[in-house]
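# Return atomic coordinates for the entry below.
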Amino acid sequence: MTKEEKYKLAKWAVKHALEKGAQDARVSIYESQNSSVEVREEKIDKLEQSTRSGLSISLYVDNKYSAHSTSRLNNKEELKSFIEEAIAGTRFLAEDEYRRLPEPELYFKGKVKDLKTFDEEFLSVDPQDKIKAAFALEKEVLGKDERIISVSASYYDGMSSSVMVTSNGFEGDTENTYYGLYASVSVNGGDSRPESGWGDSAIHFKDLETQGIGETALKRGLDKIGQQKIESVKMPMIVENRSAGRSLGPLISALNGSAIQQKNSFLVNKLGKKIASDIFTLLDDPFIEGGRGSRMFDGEGLALKKRAIIEEGILKTYYIDTYYARKLEMDPTTGGTTNLVLKPGNRSLEEMISSLDRGLFITGFIGGNTNGSTGDFSYGVEGFLVEKGKIVKPVSEMNITGNMIDLYSNLVEAGNDVYDKSSWRLPSLMFKDVEFSGK
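Numbers count the residues shown, from 1 in each chain. I've put the predicted structure just below:
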């Protein structure tokens, strides 16, 4: 279905909903295409491809709200019945005075900027090249070390497009693509079987790194041999950039409008207050070219802005959609993150490690949880013990415990190694006085 055909169908659906009794409606027409291949022992172990399309409609009927979706787009008579039945069902629901479309002045109306989130060559990539890339990844590892137990390698990609139309004036469309390669290796560690993986991803196929991934996965697996607990201790912690999002996640969740409104957030009433160290500045920037979270408007059609979330440790804003903004009597911002950018520091990861007298370098989190109301957390971690600036041995089965505000108040340094293959563009992070539980 072309973009023009999507718009035509969406506008028709909105018009039909209004004619049949809805006061307002929002319609999205979407399509997606995904493929993946996994190889093991020089054979294709799994090959998948899927194509999806559908229509979703949000209905506002007599101060009542409901949302519905269907994949049957080819028969307008069926769509008419689908919409009419959805309207009839909505009338049985309870009223909710806060459920309304956004005010029109909040919608994105400007000129659309090309944010480089779509690869025009997506459909031209030869399927054989995808399979070859996965096999090449596995070949990097096979036979390279006698301690290897198993190797798997995979290629994956996807394309999605959608248009959205509302009854009060919004029209907009998005397109995205992604590609990825990943290798997983398990090795014989004597009384254990350490596993590790490594991968790369890109928006454009030509930017996908195809070499060195398998070798890196193998090295990280071998480096884990001999993992063990150390004694319980309070000491510095460096979190690798690819894992930093796990420590930041609970903080971002606590900024969500629903958590704030329901008093299920440890950041309630913290706007304008200090919640982290001076070096912690976090921006939400939706306009980065090639950014994984880049877009001009959010899922409601609200115009997005570059904004400071936390500035030099001070909380500046929440993530609030129009529904919770009305409940909280606050101005809406947006309902979710785009590209989160944590201000980097000046030193490399290697320089940060070399500066430690004694501490832990964390490369992964294993289970655990955070209490959303209090910010108290407990996580399993694995990584390496650092002494006198040198990595001395692998560590696992350790837990870190504490409180999120305390943790980020103890952030002492951000590295210069920003990981830009994610919508959360984070560097490695160094914290002081972290409680580790071990043997």
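# which helix in the protein runs the most residues?
Taking DSSP state H as the criterion, the chain has its longest helix at helix 3-19.
# Does anything pack onto the very next helix or strand once past that helix? Which helices or strands?
Under the assignment DSSP states H and E, the closest C-terminal helix or strand after helix 3-19 is strand 24-40. Strand 24-40 sits against helix 3-19, strand 43-61, helix 127-139, strand 148-166, with contacts defined as 3 or more CB pairs under 8 Å, 6 or more residues apart in numbering; DSSP states H and E. Any C-beta I mention is one placed from the backbone N, CA and C, and that applies to glycine too.
# try it again with 10 Å
When contacts are defined as 3 or more CB pairs under 10 Å, 6 or more residues apart in numbering; DSSP states H and E, strand 24-40 packs onto helix 3-19, strand 43-61, strand 64-70, helix 76-90, helix 127-139, strand 148-166, strand 171-187.
# Take these and write them to CSV, including distance to residue 253 and mean pLDDT.
Formatted as CSV, those follow (distance: least, CB to CB, whole Å; pLDDT from 0 to 100):
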stretch, distance to residue 253, mean pLDDT
helix 3-19, 32, 97
strand 43-61, 24, 97
strand 64-70, 22, 98
helix 76-90, 30, 97
helix 127-139, 34, 95
strand 148-166, 24, 97
strand 171-187, 24, 97
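# now for these, which one comes closest to residue 224?
strand 171-187 (7.8 Å; CB to CB).
# which stretches of the stretch 301-439 of the chain form strands?
If DSSP state E, counting those that start in this stretch is used as the criterion, the strands of the stretch 301-439 of the chain fall at 307-311, 314-315, 340-342, 358-370, 376-387, 390-403, 411-414, 424-425, 429-437.
# mind putting the helices and strands packed on strand 24-40 in JSON lines, distance to residue 104 included?
Listed next are those as JSON lines, based on distance: least, CB to CB, whole Å:
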{"stretch": "helix 3-19", "distance to residue 104": "14"}
{"stretch": "strand 43-61", "distance to residue 104": "14"}
{"stretch": "strand 64-70", "distance to residue 104": "18"}
{"stretch": "helix 76-90", "distance to residue 104": "22"}
{"stretch": "helix 127-139", "distance to residue 104": "44"}
{"stretch": "strand 148-166", "distance to residue 104": "9"}
{"stretch": "strand 171-187", "distance to residue 104": "12"}
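# wait, which of these is closest to residue 370?
Closest to residue 370 of these is strand 171-187 (CB to CB; 27.0 Å).
# buried sites along the closest one?
Judged by neighbour count (16 or more other CB atoms under 10 Å), strand 171-187 contains these buried residues: 172-174, 176-187.
# That strand pairs with which strands, parallel or anti?
Next to strand 171-187 in the sheet, as set by DSSP bridges, lie strand 148-166 (antiparallel), strand 195-202 (antiparallel).
# Can you list the low-confidence ranges for the stretch 201-350 of the chain?
Scanning the stretch 201-350 of the chain with the threshold set as pLDDT under 70 gives no residue ranges.
# Which parts of it are helices?
Along the stretch 201-350 of the chain, the segments classed as helices by DSSP state H, counting those that start in this stretch run 213-223, 244-253, 257-261, 322-328, 349-354.
# coming back round to it: residue 394: which of the helices and strands packed on strand 24-40 is closest?
Evaluated over the helices and strands packed on strand 24-40, closeness to residue 394 peaks at strand 171-187, with 12.0 Å, by CB to CB.
# okay, the angle between the closest one and strand 24-40?
Using axes from the mean of the first three to the mean of the last three CA atoms, to 10 degrees, the inter-axis angle of strand 171-187 relative to strand 24-40 is 20 degrees.
# Work out the gap between strand 171-187 and the centre of the chain.
In terms of CA atoms, centre = their mean, to the nearest Å, the centre of strand 171-187 is found 11 Å from the chain centre.
# circling back to that earlier point, for the helices of the stretch 201-350 of the chain, give me TSV that also has mean neighbour count.
Shown next, in TSV, are the helices of the stretch 201-350 of the chain (neighbours: other CB atoms under 10 Å):
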stretch	mean neighbour count
helix 213-223	20
helix 244-253	19
helix 257-261	21
helix 322-328	19
helix 349-354	17
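# possible to save those helices as JSON lines with distance to residue 368?
Below are these laid out as JSON lines (distance: least, CB to CB, whole Å):
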{"stretch": "helix 213-223", "distance to residue 368": "21"}
{"stretch": "helix 244-253", "distance to residue 368": "9"}
{"stretch": "helix 257-261", "distance to residue 368": "19"}
{"stretch": "helix 322-328", "distance to residue 368": "28"}
{"stretch": "helix 349-354", "distance to residue 368": "23"}
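# what's the closest of those to residue 105?
Using CB to CB, the helices of the stretch 201-350 of the chain put helix 322-328 closest to residue 105, at 11.8 Å.
# which strands and helices sit next to the closest one?
For helix 322-328, the packing partners by 3+ CB pairs under 10 Å, 6+ apart are helix 257-261.
# Run through who's touching the helix it packs on.
Outside helix 257-261, the residues that touch it by CB atoms under 10 Å, 6 or more residues apart in numbering are 98, 253-254, 264-271, 318-328, 330, 332-336, 372-373.
# what about dumping the CA coordinates of it to PDB?
Taking C-alpha atoms only, helix 257-261 is exported to PDB below (Å, rounded to 0.1, in the frame of the first residue of the first chain):
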ATOM      1  CA  GLY A 257       3.300  10.600  33.800                       C
ATOM      2  CA  SER A 258       1.300   7.600  34.800                       C
ATOM      3  CA  ALA A 259       3.800   6.800  37.600                       C
ATOM      4  CA  ILE A 260       3.700  10.400  38.800                       C
ATOM      5  CA  GLN A 261      -0.100  10.600  38.800                       C
END
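# Surely residue 40 touches residue 151?
Yes: using CB atoms under 10 Å, residue 40 makes contact with residue 151 at a distance of 7.1 Å.
# between the two, who's got more neighbours?
Neighbours per residue (other CB atoms under 10 Å) separate residue 40 from residue 151, with residue 151 holding more: 26 against 16.
# How about that one: what's its closest non-neighbour residue?
Using CB to CB, 6 or more residues apart in numbering and skipping the chain neighbours, the partner closest in space to residue 151 is residue 141 (4.7 Å).
# State the phi and psi torsions of that neighbour.
Dihedral angles of residue 141 (phi, psi; degrees, to the nearest 10) stand at phi -110, psi -40.
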